[in-house]
Every structure is written in structure tokens, then in C-alpha cells.
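J.: Give me coordinates for this.
(chains A, B, C and D)
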There are 2 protein chains.
Amino acid sequence: MQATERAAKKSATVKLAAMKEERASRMVDGLRGAGLKLTPQRLALVRELAGDASHPTAQELFERLRPALPTMSFATVYNTLAALSEARLCATRSLMRGPVRFDPKVEPHDHAVCGDCGRVTDVPIPSVPVRKDGERARRIEGFSVHHVERVYRGICADCRPK
Amino acid sequence: MQATERAAKKSATVKLAAMKEERASRMVDGLRGAGLKLTPQRLALVRELAGDASHPTAQELFERLRPALPTMSFATVYNTLAALSEARLCATRSLMRGPVRFDPKVEPHDHAVCGDCGRVTDVPIPSVPVRKDGERARRIEGFSVHHVERVYRGICADCRPK
DNA sequence: GAGCTTAATTAGAATGATTCTTACATGCAA
DNA sequence: TTGCATGTAAGAATCATTCTAATTAAGCTC
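T.: Predicted structure coming up:
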């Protein structure tokens, strides 16, 4: 690896950690602002979700937190995730059959879904204006569009036949 | 209603019925072609699904067929829908939390999803070229895109506050 | 810092969606 | 029409999620 690459990777890692911190504190502030109590369970869940771009399920988060909080119940995971998404501090994604997935990234973006392993990857929004699409749908259906979401369906690099 | 509107509506109805027939026979032929037996249960399900643009769930189809086939089991509905989608004779849609929905329309198109009632409506594909989006995702993620799907999230006419 | 109030947590039951299992029934090729 | 491979029925099993009722604890007040 060259020095420039190493520097770029280090910079990306630093940026990621900063983003995680920023998301975590935004979630904590949001919970407080909504008049919700800051329990150890909620703080642990927020910390776990904030730095996770893999779109985990409630089950996955529960299992990751279990070692640290062995008495935590499933309902708490669901309740906390419901509170977070209610307050728009995280998003829920249902891009394929199976459990709902949670996303700490609330800014508009799209997703690539692997039809083989089910992995969901973030994709930045395209330069193509989204508003045009939205207006078309509004005209055609009498439908008031809040936002447009693109789903790229295909096969990820790891699942592609060698 | 004016004569031209009436004529247009009648024409649309005729076209819809023709499309239903065409889809139903395509499904029947497809089942036969896949070496699957044409049982009364499968034929009834195909007829029910072919003309339905509402993206029904397995439960809904089961309930609609129960009067005609009171002994049919739930597993048969799921088995038949799995066989149809396996053979690309229908599509499955998971656009929001809750049960998978089934779609007789296999040609590429997009969907508008009401965040209030959950209704899913077909939307024709936009004139904006989809390939451009797909290529972007492929480049960025090492992801092989099969197709791009747009989801318009908002509120439908019936759910909009008066 | 102790007590109070009220919301949060826990454990487990309940519900809903889907898949699996096993025994019986039947479409269809010979 | 007969045989057999496939399909179906009924219900159990599994997975995701929500609900319930009883206990616990966050954070305010003093």
C-alpha cells in the first residue's frame, strides 16, 4: 500500500469514527429532547447502531448487546428502535422479505440489495433530479410524494461467481 | 360523464380484462412448461392473481379463494406462489414492513407506497434512463446491478387529510 | 443524597407470517 | 385405468414482532 492510500484509508477511518460519534450524540440529544429517559439499554443500543452501516435487524442488535447487557429483553430493543425511528433519529428499511432493518443514516440515500446474501449497502443519491420523478407520480396517481427511494437489485462482489 | 370519457373507461376495462386473460394463460402455460401439475387450486390462484393489481398478500388470496375451495390449505397458497415466482410468472414485493405482496405484473415498473394505509400502486417507469443509475452503483460498489426499482413514498389520495 | 412519580424494563405469553412435516389424494403419462 | 411422482391438507414448528403484567429505576424535588 502506498503512503497516499494509507493516508486516505486512515482519513476515512477517522471520518467514520467522527460520524459515529456525531450520530450517537444526535440520537442521545434527540431522545432527551423527546422527554425520553436515558437508560443504559438505550445508550448501548444507540452506540451500537450509530456506527453500523450494515442495516442490522433487531435480532442482530439484541445479540450484539447481550454480552454487555445479559438481562436486556427483546421488547426493549424493539421499544428503543421504535422510539428512535418515531423521533426520526434512525430509519427503518424493508427492502426484501424478512425482518425490518434499521439504519442510523437518516439523510436521503439509496440502497443496493444483493439478491443472494441479502446484504444492503448504501448508495449516494444520483445526480438525476428526484423531484421530476416525484412530480410524475403525484400527477399520475393523485399521490402526494414525500420522497423517492431507489433500490438497486443485483449481486454483490462477494456473491458474484468467481 | 361525457361520451368520450365513458368510451375511454370502457376501453380501459376491456383492455384490463384482456390483460388478465393474457397473464392467466401465460401463468398456466408457464406452470405446464415447468413440469408442474395443473391442479384446481393452482388454476384458481392463478385466475385470482392474474387480474389483481392491488399487490395482495398470501393471506388475502387465501381468504378470497376460501369460498370456492374451502378445504384449501395455507401451505398450498404459499407453495403455488413460490412456484409462480420461481418460474418468473409473478413477482414478490417487500416494500414495507409486513407480509410479502405478490404482483402479476412482471414487466419492469415502479411503485407508490402510501405510508398511511400501506396501499401499493403501480407507476410506469420514468423516461429518465435507468441504466445510468445502475452503472453508477456498479462502479461504486463492485455490485452487479440487475435492475433499478423506484419506490415513491408518500400519502395516497384517499388518506390525504381533507 | 433520599424519596417520589412515572416511564422503562423484564419475562413470557400472544399474535402474525411463513415454512415444515407427514400422511393422504390426485394429475397425468404409459 | 393404473401407477407413481407430485401435490394437498392439517397442523406443528419457526421466526419476527407486539402485548401484558409485574418489577425496576431515571431523574426531578426537596
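J.: rest of the way, CA atoms for contacts and neighbours
T.: Will do.
J.: so what's A:Tyr78 closest to, chain neighbours aside?
T.: Nearest residue to A:Tyr78, sequence neighbours excluded (CA to CA, 6 or more residues apart in numbering or on different chains): A:Ala58, at 6.7 Å.
J.: thought the one you found was touching A:Thr80?
T.: No. Assessed by CA atoms under 8 Å, A:Ala58 is found out of contact with A:Thr80, at 10.1 Å.
J.: quick one, domains of chain A?
T.: Domains of chain A are assigned by automatic domain parsing as A:1-95, A:108-162.
J.: Turn these into JSON lines, including mean pLDDT and distance to B:Gly154.
T.: Shown next, in JSON lines, are these (pLDDT from 0 to 100; distance: least, CA to CA, whole Å):
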{"stretch": "domain A:1-95", "mean pLDDT": "92", "distance to B:Gly154": "15"}
{"stretch": "domain A:108-162", "mean pLDDT": "80", "distance to B:Gly154": "4"}
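J.: Out of those domains, flag the one nearest DNA strand D.
T.: Checking the domains of chain A against DNA strand D by CA to the nearest atom of the strand gives domain A:1-95 as the closest, at 3.6 Å.
J.: ok, that closest one near DNA strand D or not?
T.: Yes. Contact of domain A:1-95 with DNA strand D (CA under 7 Å from any atom of the strand) involves A:32, A:36-40, A:57-59, A:74-75, A:78.
J.: buried ones in the longest helix along chain A?
T.: Scanning chain A for the helix with the most residues, using DSSP state H, yields helix A:3-33. Using 16 or more other CA atoms under 10 Å in any protein chain shown as the test for burial, helix A:3-33 gives A:20, A:23-25, A:27-28, A:30-31.
J.: Closest one of the residues you listed to chain B?
T.: Distance to chain B, by CA to the nearest CA, is smallest for A:Lys20 among the buried residues of helix A:3-33, at 21.3 Å.
J.: How about the contacts made by the closest residue to that closest one other than its chain neighbours?
T.: Excluding the flanking residues, the one nearest A:Lys20 by CA to CA, 6+ apart is A:Gly51, at 4.6 Å. Residues near A:Gly51 by CA atoms under 8 Å, 6 or more residues apart in numbering or on different chains: A:16-17, A:19-21, A:23-24, A:104.
J.: A:Met72 too?
T.: A:41, A:66.
J.: Next, work out how far apart it and A:Leu36 are.
T.: Noted for A:Met72: a distance of 18 Å to A:Leu36, by CA to CA, to the nearest Å.
J.: Contact residues of chain A facing DNA strand C?
T.: Applying CA under 7 Å from any atom of the strand, one finds that chain A approaches DNA strand C through A:36-37, A:39-42, A:69, A:71-76, A:79-80, A:97.
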